[in-house]
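got a sequence here, can you build the structure:
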Amino acid sequence: GLPRGKRKERAQHWVSEIGLTGYADFLPRDLSGGMRQRVQLARSLAGAPRAVLMDEPFGALDTQTRATMQRLLIDTWRAHPTTIVFVTHDLDEALLLGDRIAVLGGGGLRAIVDVPNPRQDVDRRSVRAEILENL
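The predicted structure follows:
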């Protein structure tokens, strides 16, 4: 593994990256749900993995915190690109975060839908319709 000083440096970098400067010494029980999700995001990306699996990470968050976390994920991914497999049952969340959406149902893969980038409302509507056809 990394030497202790390097681990501490990396941890401080990620605490800053996810907007939790000043909270590094807090225990998890002293953080809000959104703050804990930020820590999970940082932990999953800190080792510079080739891929990350996120299974409904924002499902338990309130609407405002969820939107904040979605924006943070997009910004963090842009700064540190890696493959993210993001599992969600929320079609709008999939359209916001995904470049490619795998539609599952009936015990298998029903469709793979590419999401145009940059996204425009007209594109999003057509992709949404295509996904709904496959449900």
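
which strands or helices does the lowest-mean-pLDDT helix or strand in the chain pack on?
Ranked by mean pLDDT, DSSP states H and E, the helix or strand of the chain with the weakest confidence is helix 121-133, at a mean of 80. Applying 3 or more Cβ pairs under 8 Å, 6 or more residues apart in numbering; DSSP states H and E, one finds that helix 121-133 contacts helix 91-97, strand 100-105, strand 108-114. In short, each C-beta sits where N, CA and C put it, glycine included.

longest helix anywhere in the protein?
Counting by DSSP state H, the longest helix found in the chain is helix 63-79.

list the buried residues for that one?
65-66, 68-70, 72-73, 76-77 (16 or more other Cβ atoms under 10 Å).

list the residues that contact the residue nearest the centre of the chain.
By Cα atoms, centre = their mean, the chain has its centre lying nearest to residue 73, at 4.5 Å. Residues counted as contacts of residue 73 (Cβ atoms under 8 Å, 6 or more residues apart in numbering) are 41, 84, 97.

which of those has the most neighbours?
residue 41 (22 neighbours; other Cβ atoms under 10 Å).

pLDDT score for it?
If you check residue 41, the pLDDT there is 92.

please compute how far whatever helix or strand it lives in lies from its chain's middle.
In the assignment (DSSP states H and E), residue 41 maps to helix 33-46. From the chain centre to the centre of helix 33-46 is a distance of 10 Å (Cα atoms, centre = their mean, to the nearest Å).

having no further points to raise, I will conclude here.
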